[in-house]
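**Q** 3D, please:
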Amino acid sequence: MSSKIAKYGEWSRIMRAKMKRPAAMLRGIALLVLVAGLLSLGAKLKVAAAQADQKTIGGVVTNIKGGKPEAGVWVIAETSSLPTLFRKIVVTDDEGRFLLPDLPEGDYQVWVRGYGLKDSAQMKAKPGATLTFHVSSAASPQEAAKIYPANYWLSIWQPPSAHDLPKQFQSQDQWLASFKLGCMLCHQIGAEITRTLPNSSDYDSAWHRASVMDATANRLGRDALANSLADWSTRIAAGEVPPTPPRPSGVERNIVVTQWQWGLWNSFVHDAISTDKRNPTLYPYGNVYGLDMGQDFVWALDPLTNSISSYKVPVRQVGYNKRWDFGGWPVYTQVANPHNPMMDDKGHLWMTTEIRDDEIRPKWAKDVLVYQDGFGPVQIDQAASTSSAPAAGPASEGAGHHRQLGYFDIKTKKFVLIDTAYGTHHLQFDSQGRVWTSLDATSLGMFDPSKFDPADPLGTEGQAQKMFEKIDQKTGKSVAGGGYGIIVNPVDGTVWRANPSPGGASNKLNKFDPKTTTFTDYPLPPPGRGPRGIDASTDGLIWFATGSGHLGRFDPKTEKFTYWETPGPKIKGTGPETGSADFHYYIWVDQFNTLGMGNNMVIVNGSNSDSLLVFDPSTEKFTVLRVPYPLSFFQRGVDGRIDDPNAGWKGRGLWVPNSDDPIIFEEKVHLGYIAHIQMRPNPLAQ
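**A** Numbers count the residues shown, from 1 in each chain. This next block holds a predicted model:
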């Protein structure tokens, strides 16, 4: 307020110089005092209103030099007073004011983080307190840049030139999409641990710690990749910094982030679920569930009691056991390896999960109908097919495939395991309650729970499923496999998959029509490369996010693609053929306004930028919702639930887990957490 008073003081001096009559001068001074007094009173009234109950902490953030309000910075409150570590994060308004709403009773540490600032000291507070933070600007650009998102750090990396790349890459943008799709599947590139290795041999040694990283480095051209990253680290060590990210502005300041810690030190919670995607009003204020791929747990948050429970995912095969090591360090001790939780409308938490060894094929698999596009139904059999078609793909290719099915009954707390003739990865329900699954090498799988008896799983699981294939006339093999993301179009019931290849014939979307049992491929035109997540809006449009740094849309009626480059900087030296430096692990369309920003908002995972990117199709604009702490908010899945449609912003929100793999890539090596992301009407709404 002192700077504003100074401005009014200057105004008063000018008035006195111009005024000739004492009465006019007195009226001017009286007006000045009144305006200054009203401004001061207004500020007090707003702060007082924000403190109307004892469930909030409010206050103001100003810069220690000059007292300027710090707008668009984050205020973070954390407590260990609850059954699990709890955090709340909000953003300051134009006047530097903040309000942390709905805080459970406890002792909190509250502090400030913002671009251009040094992290503030922590203040102790209880709900009901009003705090004033006097923060300091960062002492140097290097100090300020420590909290920049990974995509900003990646933007100053100079990738290898086209002539230094392996021959299988036709262009640098294809190579960059491959780099992102290969190197960012687990964690951010640009996080501190990835940008501080001093030379190429250190990167090479790090890749040897995991077979996936090692194979990726070989595919990308090991030496060229290592040399470019070492050059990047060297320039950073010498003081080079990225451009400064913009602070949250406009509606971005209305975000409220609540975090609950869950998991173990070596957990890998891939994604989470809270309700049925087809009806997000189900299970209001109920548990939120996450699947721990690393340790075979279902984690459950009770948001009303702030407590965490866990349930061990079983397997069916006696003696089935395996162990994944990360360079001799036991990050994973998984057996069931559960993935992709989805809720139905009957209280069942479905998942794709390994119930047996990959190579053991169920005896009834040969009796499951396989609809081969162009040939009609045939039997899976090692012998010659009874139709004119070649032998079915899975039989001719071998029995090995990955994951089957299962569900957790949230009432009885019991698991039901289901064997499948096909491999599974992601799953989605259609309007009839059937489960469609992706990523089998040769097939598209469908499971119908209405034909399954959980009291007799062995006797009914086979009759409840079908496999769908498309046989290539020349090779006799199925070309209907693959697909990472999967979605059912709510308009016509067609099933869509995204194939995350950076180029070639597999860089495509695939449609399956259950009515005609036919498959149709839609190759992606430039600049889109590597679609992973896929979803549909209620008008039947198909949305997908790419490894190349784009949001894509496909219109099934016109069969036209449209692209938007996602927010944030580009990688150094790249042009329009390459998108942003961000990476988009998945995508989720908010069909029913669970976030409160409108129906059919497209939410793209900013997995390399600590953010969710909300795209409004009507304005074609992005809103960046950033989670600044702990750094390395690497998210994969998104879910939204409406707890109370009549409760305003408090009755709805998104549920998003952080999914760093491994969790050591996160700031200060915290345990993982599940985040509730909500949008209030203004930064001070209670």
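**Q** from here on, contacts and neighbour counts on C-alpha atoms
**A** Will do.
**Q** pretty sure residue 276 contacts residue 346?
**A** No - using CA atoms under 8 Å, residue 276 is not in contact with residue 346; the gap is 9.4 Å.
**Q** now the closest residue to residue 427 other than its chain neighbours, which residues is it bridged with?
**A** In space, and not counting its chain neighbours, residue 427 is closest to residue 437: 4.4 Å by CA to CA, 6 or more residues apart in numbering. Going by DSSP bridges, residue 437 is paired in beta bridges with residue 427, residue 445.
**Q** picking up where we left off before, compare residue 276 and residue 346 and say which is more crowded by neighbours.
**A** Neighbours per residue, other CA atoms under 10 Å: of residue 276 and residue 346, the larger number sits with residue 276, 22 against 11.
**Q** show me what contacts the residue nearest to residue 427?
**A** Contacts of residue 437 were listed using CA atoms under 8 Å, 6 or more residues apart in numbering, and they are 424, 425, 426, 427, 428, 444, 445, 446, 486.
**Q** next one: residue 79
**A** Contacts of residue 79 (CA under 8 Å, 6+ apart): 85, 86, 87, 106, 107, 108, 109.
**Q** Please apply the same query to residue 609.
**A** 149, 150, 151, 152, 582, 583, 626, 632, 633, 634.
**Q** Could you say which helix or strand holds it?
**A** Under the criterion of DSSP states H and E, residue 609 resides outside all helices and strands.
**Q** so how far is residue 564 from the closest residue to residue 408 other than its chain neighbours?
**A** Excluding the flanking residues, the one nearest residue 408 by CA to CA, 6+ apart is residue 415, at 4.5 Å. Distance check for residue 415 against residue 564: by CA to CA, to the nearest Å, it reads 42 Å.
**Q** what does residue 58 give?
**A** 38 Å.
**Q** can you list the domain ranges for the protein.
**A** 1-50, 57-142 (automatic domain parsing).
**Q** most surrounded residue in the contacts of residue 609?
**A** residue 582 (34 neighbours).
**Q** That residue is in contact with residue 608, isn't it?
**A** Yes - between residue 582 and residue 608 a contact is recorded at 5.1 Å, counting by CA under 8 Å.
**Q** what touches both of the two?
**A** In contact with both residue 582 and residue 608: residue 151, using CA under 8 Å, 6+ apart.
**Q** Now do the same for the closest residue to residue 624 other than its chain neighbours: helix, strand or coil?
**A** Nearest-residue entry for residue 624: residue 613, 4.9 Å, with adjacent residues in sequence omitted and distances by CA to CA, 6+ apart. Under DSSP: H, G, I helix; E, B strand; the rest coil, residue 613 falls in the strand class.
**Q** is residue 613 in a bridge, and if so with what?
**A** What pairs with residue 613, by the bridge criterion (DSSP bridges), is residue 604, residue 624.
**Q** again with residue 298
**A** residue 291, residue 311.
**Q** For it, give its distance to residue 409.
**A** Where residue 409 is concerned, residue 298 sits at a distance of 12 Å (CA to CA).
**Q** Look at those two and report which has more neighbours.
**A** residue 298 (22 against 15).
**Q** quick one: contacts for the more buried one?
**A** Here residue 298 is in contact with 289, 290, 291, 292, 310, 311, 312, 313 (CA under 8 Å, 6+ apart).
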